[in-house]
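**Student:** got a sequence here, can you model it:
(one chain, ligands or ions: 1)
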Amino acid sequence: MRISSELAKAINDQISYESSATQAYVAIGSWCERIGYGGSSTFFFEQAAEENMHVLKFVHYLNNAGAEAIIPATEKPQGNFDSLEATFQAGLKNEQTVTKLINNLVGIAEKEKDRATYLFLQWFVNEQIEEETLFETILQKFELIGRDKLAMYQIDQSLTSIRTETMSKGDSQQPAN
Ligand code: FEO
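**Tutor:** Numbering: from 1, shown residues only. Below is the predicted model:
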């Protein structure tokens with residue numbers, strides 16, 4: 001096995017959290033779809049697909065390192081929300097938790113001088129900056145545009161362009177290959 005059992009366990013815990021995040025975003029997307037926030041449901045279903053991609057990255061990493069990726073059961077996620085804003089607040093809180101967990105993983109890799117895992121985790125460090133920025137940017141819109149029905153409609157319709165803009169800013173801040 002190319003990684004320590006402590007790190008393998010921590011990465012399996014991460015797989016578990018990212019799997020829960022996947023389901024949480026599917027549940028939020030479903031609520032948005034039910035209420036009629038079409039832009040937001042698309043946004044959260046895309047977000048769920050991203051989380052699932054994160055799960056797979058960790059699964060491949062563990063299996064290729066000779067450890068065993070454990071695919072977890074997940075708890076039923078929250079299925080109802082008080083407002084559209086509350087869904088993005090839940091998203092930001094989730095991303096902040098993921099950032100802490102990733103930083104914890106980086107700390108273990110550093111402590112163990114596991115350079116390969118440390119480098120593997122850098123992608124997630126950058127991804128988390130982008131994800132937190134994305135949710136913060138969307139939440140700012142509620143402050144700027146408002147919370148009445150027209151504002152909700154405008155925010156719901158602008159999510160794809162906010163995502164594209166945030167991603168391209170994030171890419172431009174990455175070091176060139
Ligand atoms: Fe996989 Fe958004 O953290």
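**Student:** any regions of this protein where pLDDT drops low?
**Tutor:** 173-177 (pLDDT under 70).
**Student:** pull up the residues of it that are close to the ligand.
**Tutor:** Residues of the chain found near the ligand (Cβ under 6 Å from any ligand atom) are 18, 21, 51, 54, 95, 98, 131. Any C-beta I mention is one placed from the backbone N, CA and C, and that applies to glycine too.
**Student:** any chance of those in JSON lines, plus neighbour count?
**Tutor:** Output for the residues of the chain next to the ligand, formatted as JSON lines (neighbours: other Cβ atoms under 10 Å):
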{"residue": "18", "neighbour count": "25"}
{"residue": "21", "neighbour count": "24"}
{"residue": "51", "neighbour count": "23"}
{"residue": "54", "neighbour count": "22"}
{"residue": "95", "neighbour count": "22"}
{"residue": "98", "neighbour count": "21"}
{"residue": "131", "neighbour count": "24"}
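**Student:** please report how far the closest residue to residue 8 other than its chain neighbours lies from residue 55.
**Tutor:** Once flanking residues are discounted, residue 8 sits nearest to residue 67: 4.0 Å by Cβ to Cβ, 6 or more residues apart in numbering. Residue 67 sits at a distance of 15 Å from residue 55 (criterion: Cβ to Cβ, to the nearest Å).
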